[in-house]
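Asks: Here is a sequence together with a model predicted from it:
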Amino acid sequence: MTINLANVSPVSLRQLIRSGDFTGQTSGLCPGYTQANLVILPRSLAYDFLLFTQQNPRPCPVLEVSDTGSRKLHEFASDVDLANDFPQYRVYRNGQVAAEVTSVADIWQDDFVSFIIGCSFSFESELLAAGIEVRNITEKVNVPMFNTNIPLKSAGPFHGNMVVSMRPIPESQIPTAVQVTGAMPKVHGAPIQIGDPQAIGITDLNHPDYGDSVTINPGEQPVFWPCGVTPQNVIMQTKPPLVITHAPGHMLVTDVVNATLKY
């Protein structure tokens, strides 16, 4: 079945995902609407993880936290099922990816708490509106994401290093990109590094740790933003018994417009 996603609404997109008719990455879809990352873990770990996000707000800006056991949200979407409305999920057991699935309804637990975390896909439409090309959208691929040597502040068992997303930006447009994204701290805000990947432990831009590589043209610099895949790197370091996340690039598209997240 061919699906036209050009003008699909967030509600309609979530329904397509819930029914299994769309399982792809969500960059560029529903422009202007907030997209979000996911971490689901047992209530016994929820306080420490919440403290971890507060200690590290750049890569882990929390938008909403669910009630214990609930698959619903109160603020960012009404018609939503957190067990089915992300195109793909990753199930981590003891720090290892045990499965990548399109639904986690069959393993849902009554003590689960879901953290909805801001995503840089949300500011991509703002970059486009400012006349800045977003290469991963142009090339119809997932954004490249990299592990770094940037240490995070620990909380309880949670510790590790930051993950960043990268977008090549023409040198003349970098100040605008910084200004546009800096106005949106709830979806990672301004870049954390510009033009020097080795300074943050990245040695090969052609082989991202998550997502896909993109073209970097002459006169462009790689620009790096804190990324909501950071919790997945932390989970692999911390090795809790069971955590569920989104698969990188496969986000929840919410009903909230990006403009409400600006300063």
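Replies: Arrived safely, thanks for sending.
Asks: Could you list the residues in contact with the helix ranked longest in the chain?
Replies: The longest helix of the chain (DSSP state H) is helix 43-55. With contact meaning Cβ atoms under 8 Å, 6 or more residues apart in numbering, helix 43-55 is reached by 39, 41, 60-62, 65, 68, 111-113, 115, 117, 152-158, 231, 234, 240, 243. (Each C-beta comes from the backbone N, C-alpha and C, glycine too.)
Asks: ditto for stretch 174-194
Replies: Residues outside stretch 174-194 that contact it (Cβ under 8 Å, 6+ apart) are 34, 57-59, 61, 63, 118-120, 122-123, 126-127, 130-132, 150, 162, 164, 167, 169, 199-200, 221-228, 258, 261-263.
Asks: Stretch 91-98 too?
Replies: With Cβ under 8 Å, 6+ apart, stretch 91-98 has contacts from 90, 99-101, 104, 107, 232, 235-245.
Asks: go on, stretch 157-164?
Replies: With Cβ under 8 Å, 6+ apart, stretch 157-164 has contacts from 45, 48-49, 52, 56, 58-59, 145-152, 192-193, 200-202, 209-210, 224-227, 229-230, 232-234, 236-238, 240.
Asks: Let's see the ChimeraX selection covering just the buried ones among those.
Replies: Listed next is the ChimeraX selection for buried residues among those, using 16 or more other Cβ atoms under 10 Å:
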select :45,48,49,52,56,58,59,145,146,147,148,150,152,192,193,200,202,209,210,224,225,226,227,229,230,232,233,234,236,238,240
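Asks: quick revisit: sort out which of the contacts of stretch 174-194 are buried, if you could.
Replies: 34, 58-59, 61, 63, 118-120, 122-123, 126-127, 132, 150, 162, 164, 167, 169, 200, 221-228, 258, 261.
Asks: Inside helices: which ones of those residues?
Replies: Going by DSSP H, the helices hold 122-123, 126-127 from these.
Asks: Now tabulate these in TSV and tack on pLDDT and distance to residue 73.
Replies: Shown next, in TSV, are those (pLDDT from 0 to 100; distance: Cβ to Cβ, whole Å):
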residue	pLDDT	distance to residue 73
122	90	16
123	92	21
126	92	23
127	96	26
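Asks: if we take these, which one ends up nearest to residue 10?
Replies: Distance to residue 10, by Cβ to Cβ, is smallest for residue 122 among these, at 12.0 Å.
Asks: The closest residue to the closest one other than its chain neighbours: how many residues sit nearby?
Replies: In space, and not counting its chain neighbours, residue 122 is closest to residue 187: 4.1 Å by Cβ to Cβ, 6 or more residues apart in numbering. Residue 187 sits with 27 neighbouring residues when counted by other Cβ atoms under 10 Å.
Asks: No more questions from me, cheers.
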